[in-house]
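Asks: I would like to see how this sequence folds:
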Amino acid sequence: MLSYLAAALPPDVSAEGRLLALQCALRSNTSGQVHLPAGLLRGMRLGRDLAPWGELEEARWLLRLPHPTEQMGPRTAAGQLLDATVLTQEPARRDRHRAADWALRVVSQPRLRALPAADRLTALVLAAHHSPDAGRTSMEADHLTRTCGLDRNTLTATLDRLVAVNAVGAWTFESVTEDVSWDPPRK
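Replies: This next block holds a predicted model:
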């Protein structure tokens with residue numbers, strides 16, 4: 001889903017918008033509607049911030065529904081996904097909900113809570129691409145920056161902050177292959 005969003009969203013969509021889009025894509029029903037409780041938005045550190053919703057609307061990826069239904073409660077934000085591609089993405093809805101919960105747990109870790117959304121999104125992308133069989137994992141730098149909505153200059157600072165809070169053990173940039181390699185956090 002992260003790769004899909006990297007391709008579907010314009011590069012100028014912020015990390016907050018990308019985190020919101022991920023939760024919307026993973027939690028949407030078969031008609032593309034999504035209802036996000038206020039508690040989930042607070043857990044994502046979005047609260048009442050309407051800017052990420054506006055970015056997704058401007059990108060024509062989502063339409064925010066003005067008033068949730070009575071059944072959903074007054075503290076629920078609702079949206080309609082406009083990109084039908086997301087509805088055909090694997091895995092099944094139940095598995096997508098599990099992935100949404102996992103993603104929320106990753107970005108809500110105590111060590112990441114105080115970091116900017118771009119850092120939390122990068123930690124999520126690294127965790128999603130980490131191979132449990134290998135100590136060190138690598139990813140093409142261009143793919144990583146596109147997925148996280150970063151440029152190369154901010155990627156370096158972001159990875160350094162993730163090392164400082166032990167979300168990543170260490171990282172290197174391989175100039176020959178243009179890959180970013182990273183170690184899991186130290187235990």
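
Asks: and the lowest-mean-pLDDT helix or strand in the chain, what does it pack onto?
Replies: Ranked by mean pLDDT, DSSP states H and E, the helix or strand of the chain with the weakest confidence is helix 38-43, at a mean of 79. Secondary-structure packing of helix 38-43 (3 or more CB pairs under 8 Å, 6 or more residues apart in numbering; DSSP states H and E): strand 76-81. Glycine gets a C-beta too; all of them are placed from N, C-alpha and C.

Asks: The strand it packs on packs against which elements?
Replies: Using 3+ CB pairs under 8 Å, 6+ apart, strand 76-81 sits against helix 15-27, strand 33-37, helix 38-43, helix 51-58, strand 62-65.

Asks: Please spell out which residues along that strand are buried.
Replies: Neighbour counts over strand 76-81 (16 or more other CB atoms under 10 Å) mark 76, 77, 78, 79, 81 as buried.

Asks: And for stretch 107-124?
Replies: Counting neighbours by 16+ other CB under 10 Å, one finds that the buried residues in stretch 107-124 are 107, 112, 115, 116, 117, 118, 119, 120, 121, 122, 123, 124.

Asks: Equivalent analysis for stretch 35-47, please.
Replies: For stretch 35-47, burial by neighbour count (16+ other CB under 10 Å) applies to 35, 36, 40, 41, 43, 44, 45, 46.

Asks: From those residues, pick the one nearest residue 161.
Replies: residue 45 (15.5 Å; CB to CB).

Asks: Now do the contacts for that closest one.
Replies: 113, 117, 120 (CB atoms under 8 Å, 6 or more residues apart in numbering).

Asks: how does it look with 7 Å?
Replies: Neighbour list for residue 45: residue 117 [criterion: CB atoms under 7 Å, 6 or more residues apart in numbering].

Asks: Please apply the same query to residue 169.
Replies: 183, 184, 185, 186.

Asks: Buried among the residues you listed? Need that as a selection in ChimeraX.
Replies: Command for ChimeraX that selects the buried part of those, burial taken from 16+ other CB under 10 Å:
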select :183,184,185
